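S.K.: any chance you could fold what I've pasted below:
(one chain, ligands or ions: 2)
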Amino acid sequence: MSEQISAAGQVPAEQRAREQALTEQVVASFDQAQDARLQQLMQALTRHLHAFLREVRLTEEEWRQGIAFLTHAGHITDDKRQEFILLSDVLGASMQTIAINNQAYADATEATVVGPFFVEGAPQIPLGGDIAAGAPGQPCWVEGTVTGTDGKPVPGARIELWEADDDGFYDVQYGDDRVAARAHLFTDDEGNYRFWALTPTPYPIPHDGPVGGLLAAVGRSPMRASHLHFKVSAEGCRTLCTHVFVRGDDLLGTDAVFGVKDSLIRDFEQQSAGTPPPDGRDLGNATWARVRFDIVLAPAGA
Ligand code: BEZ
Ligand code: FE
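M.R.: Numbering: from 1, shown residues only. Ligands and ions are numbered 1, 2, ... in the order given. Here you go, the predicted model:
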């Protein structure tokens with residue numbers, strides 16, 4: 001047992017006073033910051049960081065391991081791989097930030113994690129078009145209505161869509177310039193939308209780096225519950241980044257990034273081969289699925 005901690009786990013008074021004095025000295029070092037918000041952030045960060053170090057009685061070897069972890073995260077990060085966002089995701093920091101910034105408002109659809117695979121400028125498809133563009137997977141008919149919290153339809157809402165294919169990869173992971181399983185479209189005059197996608201399947205977040213090592217060390221899975229991403233924007237409305245999840249998916253309770261919300265889980269109804277699709281599309285002998293996902297947007301500034 002450390003000599004600095006008594007049998008009762010108490011830090012002796014003189015030791016506690018020295019540690020507290022250091023914390024206060026560092027907090028005070030930000031007193032002259034010109035930017036009041038930056039000052040608030042740095043002083044709170046200092047207080048919480050020091051409280052953590054003191055609570056766990058961090059050893060110097062653990063401090064070295066922490067620095068090595070962050071250094072590895074830095075080395076593996078480039079313009080295609082963002083290990084620090086993954087770290088934020090698996091610590092629930094991304095979801096907590098989303099929760100704080102997308103406050104509950106009437107029956108507005110809940111927001112969830114954006115993830116690293118959104119790409120600006122995905123191609124536009126017409127209503128009823130197919131986002132798959134050749135990506136492998138089971139065809140899935142997706143439809144719904146975008147309304148405001150006043151119940152009125154939102155015509156012309158822009159809906160960005162992206163998802164992993166049946167092999168668990170987003171197009172940006174293919175290693176070429178293909179654009180697949182991502183697109184955008186606009187709601188019609190009644191706020192309705194419809195399109196073909198792929199029935200979502202589970203996939204792992206990138207786990208060949210330090211964040212994957214951390215998950216393995218603590219016995220956590222890197223798997224994400226099956227989902228389809230939506231980003232919905234319209235004038236006068238709060239932009240919504242969310243997913244629709246698949247009811248019955250085994251991973252709903254253990255999503256690696258804490259993105260699952262009960263309110264976002266829907267029935268994906270499996271259709272046997274030969275069942276006519278709503279738009280008369282010829283699917284040959286393929287099975288397909290269908291889901292309805294109605295979306296409610298909070299007002300801007302809510
Ligand atoms: C995603 O859903 O695309 C995702 C979210 C967090 C980390 C990795 C991927
Ligand atoms: Fe995803």
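
S.K.: spit out the contact partners of the residue positioned nearest the centre of the chain.
M.R.: Closest to where the C-alpha atoms of the chain average out (C-alpha atoms, centre = their mean) is Val113, at 2.0 Å. Contacts for Val113 were tallied using C-beta atoms under 8 Å, 6 or more residues apart in numbering; they are 89, 94-95, 98, 241, 243, 257-259. The C-beta positions use only the backbone N, C-alpha and C, and glycine is treated the same way.

S.K.: need the pLDDT of it.
M.R.: At Val113 the predicted local confidence, pLDDT, stands at 96.

S.K.: which residue sits closest to it, ignoring its sequence neighbours?
M.R.: If the residues on either side of it in the chain are set aside, Val113 comes closest to Gly259, at 4.3 Å by C-beta to C-beta, 6 or more residues apart in numbering.

S.K.: ok now do the residue in the stretch 151-300 of the chain positioned nearest to ligand 1, which residues does it touch?
M.R.: Among the residues of the stretch 151-300 of the chain, Ile205 lies closest to ligand 1, at 3.8 Å counting by C-beta to the nearest ligand atom. Contact analysis of Ile205 by C-beta under 8 Å, 6+ apart lists 86, 89-90, 211, 222-224, 256-257.

S.K.: repeat the analysis, applying 6 Å as the threshold.
M.R.: If a contact means C-beta atoms under 6 Å, 6 or more residues apart in numbering, then Ile205 has 222, 256 as its contacts.

S.K.: what does Ala111 give?
M.R.: If a contact means C-beta under 6 Å, 6+ apart, then Ala111 has 98, 102, 240-242 as its contacts.

S.K.: surely it is in a strand?
M.R.: No - residue assignment for Ala111, taken from DSSP: H, G, I helix; E, B strand; the rest coil, gives coil, which places it outside any strand.

S.K.: show me which residues of the stretch 51-200 of the chain sit near ligand 1.
M.R.: Residues of the stretch 51-200 of the chain that fall close to ligand 1, judged by C-beta under 6 Å from any ligand atom: 86, 89, 113, 115-117.

S.K.: how about a cut-off of 5 Å?
M.R.: 89, 115, 117 (C-beta under 5 Å from any ligand atom).

S.K.: ok, those vs ligand 1, which is closest?
M.R.: Distances from those to ligand 1 were compared by C-beta to the nearest ligand atom; the smallest belongs to Gly115, at 2.7 Å.
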